[in-house]
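Chemist: Turn this into a model:
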Amino acid sequence: MLNPRHQKFVQEYIKNGGNGVAAAKSVYPNQSDESLRVTAHRLLTSANIREFVIQASNQVGITPLTAMKVLKGIMDTGKDCDKIAAVRTWSDLTGSFAPKIVREVNDGVPDFARDPAKIEEMLQRARKSANHEVRA
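Modeler: Residues are numbered from 1 along each chain as shown. Alright, predicted model coming up:
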């Protein structure tokens, strides 16, 4: 369970569309801008707060599917600059434009469930690829 300040931070974060600094300012109004950025980052990287954000988002109907539908709508009908921002956001969320070796590792299988031999094989391929690029 979150303390009242953290609960207010999450509520403000969702209400303002995901602006962590503005949410932190509503809870800690006397902090400097730099301190607010640090506070927002610290709070948003807390596992308890992230879980609370996900739960609260789901309660108001913000799910990964609805977010992707909104991004798709922007890509289809938005201004060029908005389309580019939507594509960038989508790629950040999905890892679609990540280097191939990152995509292979990020296939949805939890790290603890991976086969150590497969990990070693992927590392060897990455090292070989990196050595080949350096020599070229």
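Chemist: Let me know how buried K8 is, in neighbour terms.
Modeler: A total of 14 residues lie near K8 under the criterion other C-beta atoms under 10 Å. C-beta coordinates here come from the backbone N, C-alpha and C atoms, glycine included.
Chemist: how about it, what does it touch?
Modeler: 26-27 (C-beta atoms under 8 Å, 6 or more residues apart in numbering).
Chemist: which stretch of helix or strand covers it?
Modeler: Applying DSSP states H and E as the criterion places K8 in helix 4-15.
Chemist: got the buried residues for that helix?
Modeler: Buried residues in helix 4-15, counted by 16 or more other C-beta atoms under 10 Å: 6, 9-14.
Chemist: Quick one: low-confidence residue ranges for the chain.
Modeler: Across the chain, the ranges flagged by pLDDT under 70 are 92-120, 122-123, 130-136.
Chemist: Show me the domain layout of it.
Modeler: Annotated domains of the chain cover 4-59, 64-94, 100-135 [automatic domain parsing].
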